[in-house]
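>>> missing the sequence, but the structure's below:
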């Protein structure tokens, strides 16, 4: 374990928290509240729960990375498992993103830049935490 790894994980933790801006902005830009008024109460509640659960998961990954970076870089079985989970989360998230028909909603240059920047960030998260999960101690 070296100090560069620890600083990189802390930076990734901060990037997790910054990435939450997309979770805050997407419902506003896409008009979720208005669209969800047209579906059943159960579907609306399920959508809200999924949104909050995803938000909470990203916050947790960011905080663990910020405050437990040394532990995440330790190579212990628990560290490798947590790193593997974080890598898998972001790899799956990127895969899900490929399924979305997002093109009609990227109707400005800043939205396109933001979309591609987030995609690059998701790839970086998958690579960083995947590497930490696989490298051992």
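Received it, and whenever you're ready, just let me know what you need. This one's a predicted model, so the numbers in the text were calculated from it and none came from an experiment. Numbers count the residues shown, from 1 in each chain.

>>> Tell me which other helices or strands the host helix or strand of residue 126 touches.
Secondary structure from DSSP states H and E places residue 126 in helix 109-135. Helix 109-135 is packed against helix 3-30, helix 77-99, with contacts defined by 3 or more C-beta pairs under 8 Å, 6 or more residues apart in numbering; DSSP states H and E. All C-beta atoms are positioned from the backbone trio N, CA, C, and that covers glycine.

>>> pLDDT averaged over the helix or strand following the first one - what is it?
In this case it means helix 3-30. Next helix or strand after helix 3-30 toward the C-terminus (DSSP H and E): helix 32-36. In this model, helix 32-36 has an average pLDDT of 86.

>>> and the helix holding residue 126, how far out from the chain's middle?
9 Å (C-alpha atoms, centre = their mean, to the nearest Å).

>>> quick check: angle from that helix to helix 77-99?
Angle between the axes of helix 109-135 and helix 77-99 is 150 degrees (criterion: axes from the mean of the first three to the mean of the last three C-alpha atoms, to 10 degrees).
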